[in-house]
Every structure is written in structure tokens, then in C-alpha cells.
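>>> Curious how this folds, go ahead:
(one chain, ligands or ions: 1)
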Amino acid sequence: MDTAHKTVNEKKEYFDSPELLEAKVTQLADMIKQSNHFVCFTGAGISTSAGIADFRSGVNTVLKTGPGLWEKMAQKVGNQPKKHKVIMSRAVPTKSHMALVKLNQEGILKYLISQNIDGLHRRSGFNPNSLSELHGNTNLEKCLKCGKSYMRDYRVRKALDVHDHLTGRICDNQKCGGELVDTIVNFGENLPKKDMEQGFFNSKQADLHLVLGSSLRVTPAADMPLATAQNGNKLVVVNLQKTPLDSLCALRIYALIDDVMVLLMKKLGLEIPEFILQRTIVIKKTNQNTINVFSEDKDGCPYDIFKQIVLDQGKKQPFEIQVKAPYIFNITNPQFAIKLGFFEHYKEGPFRLDLNLQNLPLGQKTKYLIQFSPKLQKWISCEKIQ
Ligand SMILES: [Zn+2]
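All right, here's what the predicted structure looks like:
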């Protein structure tokens, strides 16, 4: 199962000179402006600047995350320096992740395919409907029986055996009761059907396919950029090491991903947004004086983000603290507040939401979008969106 690079040449990292990089990124910006169906493909290289180690960097890599995981196994070298090791759930999406969010929001980037399981694209705010996570998402689990997806603000994988994926949790979809499994795809396992179909469909549609930080060694994922090139369309690869598709490239760039994306966005006249943690709070009045509080991701997927919820109904009423879903509260004072407690991966403190029972429509969802800035370390907005 060791797929580390074997030769010195494979491990070697190349860098374009600043002048050459400037010229190449200008060329890439022009290609993007002329494209009709621009698709991106990301590998571990986009997340190394977020502190997540990749797989195939050699022991002499320039990256602070150190040698790749397969390389370490092959070389039997110890762990990388701890200061650069980041827990995935605490990792902050990079400038490149955020540039892709902006390109998609502007309608320029039509589809994103990722090999990464770190979930950073989804967390960055990238539209999940325009995203294929080919090898799964460490925060996503699915029902074996009905296929329903569940996002969790914690690592869902519990199984120790490679091909065991049960998480021990149970589906609550209409009393389905099916067992939930993590979505991580290990070697030799099938890729998720929809993500794969969408990935190939968009790769064949693409007139420009930009690969960011993948050595393109793992198939069928690597067959997607290949499909674009085989259709006679433009393939651009940004990666420090050589890849097997280099000879098919319309443009080949040797540089760090963030360096390319920062320069590229400047040339396109677009600002890279700051990473903002977005949470959708859903409140449903299930009868005249009962409410259910939960959260959803952008695509409506249930999202388990609460560690606890406190019900505050004023001085005369006792506080009620619940620590487990479903969060169902009996309301006795129409003017009340819920204090939402989170897992605090970004040190996001509790958020207080003041509500009026009379303003909540019976049987319907009322949604609030609340936003937290990890940079400012505070909640910056709360907006009723439905
Ligand atoms: Zn189910």
C-alpha cells in the first residue's frame, strides 16, 4: 500500500523564478477570462499551508508540514515538528481555499473536485452543490440504509479496521434507524457515486482544468483532469513535484499554491475574502409552546454543531441546559433566549439568540445565519434568512 515516491527525481521540488511565475500566472488569468466552463481539482498541496501534512513530499521538502505521510512510512522517519501539526477540525482554510470560494461566487469557477478529506472546502463556505469530495470528508457520515448525509463538527471516523466504517450512530430520518458510516475512502474502496459522476461530467465539460497541489498519482481521481486534456481542452497543473500528466499541460507552474492564487486573484482584480465561520441556526415550532433547535449546512444537510444549548426565559424561570440532540424545549415565557454553545474549534464562544414565540410560524423553519470571525475572535453578524 506504500505509494510514496520512489526516486529522487519524483521527490524533487521545482520552483519557477519570480519573473517566470509572473508571466505564467498572467497567462493563466487570460485563460480563465476566456473560459466558459472552468473546473478546479485540488490535492493535499492546497492544505499544507493550513498545517495539514500531505502524502508524497520528500524528506527534503521546503514545506513546513514536513515530509508526506507515505514518505514518512517509507523512510520510517518520526513525526514532523509538532508546532506545524494542526488538528483538522481546527485548521483554517487557506488563502487559496478562500480564492476558490470567491471565484465560484463570481460565477467564474463552475465546479471543484477535491481529493482532500480535511473538509476545508466545505468549511470555507464553498457551495457543496458545486463540489465533489472524491475521497470523503472527515466530518461527513452517511446512512447505509437510506443514504441520508449528516455533517458533524467533529471527526466522525471511529473504526480502527481499514474497511470498517461504522460510526456507531444511527439514522434519525423518518425512523429509518439505519447504521451510519464515515465517508472516508481508503485504498481499494469505491469512490462515492455522485461525486465521481459529477467530477467526470464536469471534467468532460471543462474547457479549462486547473490542478492545485496534486501529484496526480491516484486513480480514478487523476483520470478527471486527464479527461479534460484528452478532450483537447486546456489542462494547467500547479505542483512542486513532477506529475504523470505534465506532458499534456497547456501550462505547467512550479510554485506554492498560495503564491499562485494570491497573484492570480490580483490579476483578475478580485479580492480574497477572509475566512468567516458560518452557522445556520434553525428553529422549528413543533406545537404552540414547543421548539426544536438544530443546524443545517448550506445544502440543507443536518449539521451537528452544538455542544449544549441553554434556554433562558428570564429571571422568574429556571435555566434549562440540554447537552444532546434533539434540542426540544418547552417554552413558558414567550420572550425567551437560547444560548448556543459550540465545539469551539475556532474559540467561537457561545451565541445568544433572543426570540419571541409569537413570531415563530408553527410547523415551519425559521433560519438565522450567524457569522464568526476567527481573526477578530468574535461573532460579527446575525441575520434572519428564512
Ligand atoms: Zn437512514
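>>> Point out the residues in the stretch 151-300 of the chain that sit beside the ion.
The stretch 151-300 of the chain comes close to the ion at residues 171, 173, 176, 178, as judged by CB under 5 Å from the ion. Placement of C-beta: from N, CA and C, glycine included.
>>> got a winner among those residues for most neighbours?
Among those, the one with the most neighbours (other CB atoms under 10 Å) is residue 171, at 20 neighbours.
>>> my guess is that residue contacts residue 141, does it?
No: if you go by CB atoms under 8 Å, residue 171 and residue 141 don't touch, sitting 9.4 Å apart.
>>> Find the residues that touch each one of these two.
Counting by CB atoms under 8 Å, 6 or more residues apart in numbering, the residues touching both residue 171 and residue 141 are 150, 180.
>>> Which of the residues of the stretch 151-300 of the chain next to the ion scores worst on pLDDT?
Among those, residue 173 carries the weakest pLDDT, at 88.
>>> can I see the domain layout of the protein?
As assigned by automatic domain parsing, the chain contains the domains 8-138+184-268, 143-180, 277-384.
>>> so of those, which one's packed in deepest?
Among the domains of the chain, the stretch with the highest mean neighbour count (mean count of other CB atoms under 10 Å) is domain 8-138+184-268, at a mean of 19.
>>> who touches the helix or strand hosting residue 379?
For residue 379, the enclosing helix or strand under DSSP states H and E is strand 378-384. Strand 378-384 has contacts (CB under 8 Å, 6+ apart) with 276, 348-349, 351, 353, 366-373.
>>> again, 6 Å this time
351, 368, 369, 370, 371, 372, 373 (CB atoms under 6 Å, 6 or more residues apart in numbering).
>>> tell me the angle of whichever strand or helix holds the third one relative to strand 378-384?
Residue 369 is part of strand 365-373 when elements are defined by DSSP H and E. Note on geometry: by axes from the mean of the first three to the mean of the last three CA atoms, to 10 degrees, strand 365-373 and strand 378-384 are set 160 degrees apart in direction.
>>> Who are the packing partners of strand 365-373?
Judged by 3 or more CB pairs under 6 Å, 6 or more residues apart in numbering; DSSP states H and E, strand 365-373 is in contact with strand 277-287, strand 378-384.
>>> Quick check: mean pLDDT of the longest one?
The reference is to strand 277-287. The pLDDT scores in strand 277-287 average 97.
>>> what does it rub up against?
Counting by CB under 6 Å, 6+ apart, strand 277-287 makes contact with 125, 291-296, 346, 360, 362, 365-372, all of which sit outside it.
>>> following that strand, which helix or strand shows up next?
Using DSSP H and E, the helix or strand that follows strand 277-287 in sequence is strand 290-296.
>>> So what touches that following strand?
280, 282-286, 303, 305, 309, 327-330.
>>> ok, now with 10 Å
151, 153, 279-286, 301-306, 309, 311, 322, 325-331, 336, 338, 340, 342, 353, 355, 357, 360, 365-367, 370 (CB atoms under 10 Å, 6 or more residues apart in numbering).
>>> average model confidence for it?
98.
>>> try stretch 132-148
Across stretch 132-148, pLDDT averages out at 96.
>>> ok, now how distant is the residue lying closest to residue 109 once chain neighbours are set aside from residue 89?
Excluding its sequence neighbours, the residue lying closest to residue 109 (CB to CB, 6 or more residues apart in numbering) is residue 103, at 3.8 Å. Note on residue 103: its distance to residue 89, by CB to CB, to the nearest Å, is 25 Å.
>>> ok, the closest residue to residue 114 other than its chain neighbours - contacts?
Computed as CB to CB, 6+ apart, the closest residue to residue 114 that is not its neighbour in sequence is residue 42, at 4.6 Å. When contacts are counted by CB under 10 Å, 6+ apart, residue 42 touches 96-97, 100, 112-116, 120-121, 210-214, 238, 257.
>>> repeat that for 7 Å
Residue 42 makes contacts with 114, 115, 116, 212, 213, 214, as judged by CB atoms under 7 Å, 6 or more residues apart in numbering.
>>> swap in residue 39?
By CB under 7 Å, 6+ apart, the residues touching residue 39 are 110, 111, 113, 202, 203, 206, 209.
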